[in-house]
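> Sequence first, then the predicted structure:
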Amino acid sequence: MAKQPVKNKNPFAGNWFLTAGAAITVFMILFTLLGQIWTPYDPSLPDENAMSLAPSPAHWFGTDSFGRDILSRVMNGAGTTLLIAFLVVLIGGIAGVIIGSLTGYFGGVVDEVLMRICDLITAFPSILLALIILRIMEPGVKNVVWVLAILFVPSFARVVRTEFARCRTQNYVKLARLQGAGPFRIMLRHILPNVWPVLLPAVSIGFNNAVLAEASMSFLGVGVSASEVSLGRMLYDSQNTILRGAPWYALTVGLVIVLMILGFSLLGEGLRQRNR
Amino acid sequence: MRYIGKKLLTLLATLLAVSFLSYAAFEMIGDPVATILGTNATPEAAAQLRADMGLDRPLPLRYGEWLWHFMGGDMGTSYIYRLPVREMIGEKLAVTLIMTLMAVILTVAVSVPAGAWLARREGRPVDKVFTVLNQILMAVPPFFVAVLLTVVFGLLLRVFTPGRFVPYTESWPLFLFYMIFPALSVALPRIAMTTKMLRASALEELGRDYILTAYSRGHSRRSALKAHALKNAMLPVVTFLAANAAEMLAGGIVIEQLFSVPGIGRLLLSSIGTRDIPVVEAIVLILAVWVMLIHLIGDILGQILDPRVRL
């Protein structure tokens, strides 16, 4: 053995994007998880003596018009957004992998039909589609998750399908088939591990789009319901405080969203560079 | 030409499918009679109104009639406002279209020179700084740009009055000035993405043999890029831009809300809320036409840039 196997190499070494992305993402996840068990103040308790305060040592990011601590609200509310994004990517990703692997491996009429449906869905900007569907339905976390998950399926199905269609004709798959492996064993044990490198960047992009979609939709009042607290909902609440000269609420919420998206997009970029 | 004809046919077929699906879907979700009369209407009155509005006839027939009138420019009458839909959406459509157009122009005007400029400086400190900056800008959602612009230019510098909108019927220059901020909000992340993409594709082109030939004929890196590489580097960017223009159209809806721009997005959302189906159907169909036209223009431009491309 003259050469060390490449996979033992530290993936973070020399990959600035991956390192920074991982650091920001881990920080944001910890920040959000902490917000579910502990916050500096009660995130939903109004305080008549502390309404619309500017940032100060007592309230690092100020208070909203009900006197609630903005940092506490954001720490807590980011959980809803993160949960929505996680579920959307999980459900959409699993469905996308199943559809993509079946259609890519077997091909044929079903493949044609499903891919045309995917084309039809992606022909229209997905945020617009989600807006229209959710405006018709009742607002709420559950509906947001389902609508976004379904709309996100094509983006995963497409990358998985391409990989499966490519691998199907490769020698290791032919060999496995000659050895008597069934189609599902081949798909699961032989091809699927090779799909991860293209799936992971798609997952990070999907995560971003889900965070952005939740924020946009709740901001427009069609996302989570009024009783649920999410980043988009807080953006909605903070809308009129901007013009009243108290922009820190909107700025704080926006900053958290930017950090979340930045973390995932750097991770995705780092993963893509690693694949090269 | 044959290529464009074929493309147009597919486009028409897709539009027909989209229009029928949306027509049928909206028919199912909202009974306009219940919306207009309220919940405590007598069955007789409801049946009467249904017959008056022609709702008692089969769906395919009504769809055909609607589409026929639509193509003739008659978009029907709003259930809620009793106004011709055309009148209700005309000005708002123009506002949204101009905003999107400004965003697209901004994106092209900034990212093409910036991408080429960075490609010529590959590996230098300035390139590295901008690569990082670009990556950050890509992560900033339009609404956050909008909040920042409002805070900095509206509240601190007082360049514009936040929450104000000047219709173009009143003053074109003021209207365009006020539209710059929403357009910029929509465009900024796209500018970053396009710059990054153009830089990468220009670098790929600069490494090819024909550029070496160009150098040997005395071209500098700059003139080789301008005369030869840029045109080829634009090819993937044009398709990317088309997809982005469609996204910017959709993203504009959020921005309209933040800047109180009376565009089509706000009307769409409020009309779905009141189940004002004729307005919703008209807007959805028009947006679908726009999105597809944008993609078609992208395809045609790609064809002009590289005549070998056949889809």
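On my side now, so go ahead. Numbering: from 1, shown residues only, chains lettered A, B, ... in the order given.

> and A:Ser225, backbone torsions?
Main-chain torsions, A:Ser225, degrees, to the nearest 10: phi -80, psi 170.

> who's in contact with it?
Under the criterion of CB atoms under 8 Å, 6 or more residues apart in numbering or on different chains, the contact partners of A:Ser225 comprise A:138-141. The C-beta positions use only the backbone N, C-alpha and C, and glycine is treated the same way.

> Restricted to strands, list the residues you listed.
Secondary structure of these is defined by DSSP state E; no position falls in strands.

> can I get those in JSON lines with distance to chain B?
As requested, those are exported to JSON lines (distance: CB to the nearest CB, whole Å):
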{"residue": "A:Glu138", "distance to chain B": "12"}
{"residue": "A:Pro139", "distance to chain B": "11"}
{"residue": "A:Gly140", "distance to chain B": "16"}
{"residue": "A:Val141", "distance to chain B": "19"}
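
> Now which of these would you call buried?
When neighbours are counted using 16 or more other CB atoms under 10 Å in any protein chain shown, the contacts of A:Ser225 contain these buried positions: A:139, A:141.

> hmm, stretch B:188-204 touching chain A?
No: residues of stretch B:188-204 are not located near chain A by CB under 8 Å from any CB of the partner chain, the shortest gap being 9.6 Å.

> and that stretch, how far from the chain's centre?
Here stretch B:188-204 shows a centroid-to-chain-centroid distance of 19 Å under the convention CA atoms, centre = their mean, to the nearest Å.

> got it, and stretch B:255-262?
On CA atoms, centre = their mean, the centre of stretch B:255-262 falls 15 Å from the chain's centre.

> Next: stretch A:236-254.
When distances are taken as CA atoms, centre = their mean, stretch A:236-254 is centred 24 Å away from the chain's centroid.

> again, but for stretch B:239-254
4 Å.

> Pull out the buried residues from stretch A:137-153.
With burial defined by 16+ other CB under 10 Å, the residues of stretch A:137-153 counted as buried are A:139, A:141, A:143-153.

> how about the lengthiest helix in chain A, does it reach chain B?
For chain A, the helix reaching the highest residue count under DSSP state H is reported as helix A:70-106. No: using CB under 8 Å from any CB, helix A:70-106 stays clear of chain B, coming no nearer than 12.3 Å.

> right, and the helix or strand after that helix?
helix A:108-123 (DSSP states H and E).

> in the following helix or strand past that following helix, what counts as buried?
Note on helix A:108-123: by DSSP H and E, the next helix or strand toward the C-terminus is helix A:126-136. Under the neighbour-count criterion of 16+ other CB under 10 Å, helix A:126-136 has A:126-136 buried.

> If we ignore the residues flanking it in sequence, what's nearest A:Arg244?
What sits nearest to A:Arg244 in space, not counting adjacent residues and going by CB to CB, 6 or more residues apart in numbering or on different chains, is A:Ser52, at 7.7 Å.

> can you count the residues close to the one you found?
Neighbour count of A:Ser52, defined by other CB atoms under 10 Å in any protein chain shown: 16.

> Is it correct that it falls within a strand?
No: if the criterion is DSSP: H, G, I helix; E, B strand; the rest coil, then A:Ser52 is coil and not within a strand.

> where in the stretch 1-150 of chain B is pLDDT low?
B:1, B:30-32, B:35-36, B:38-41 (pLDDT under 70).
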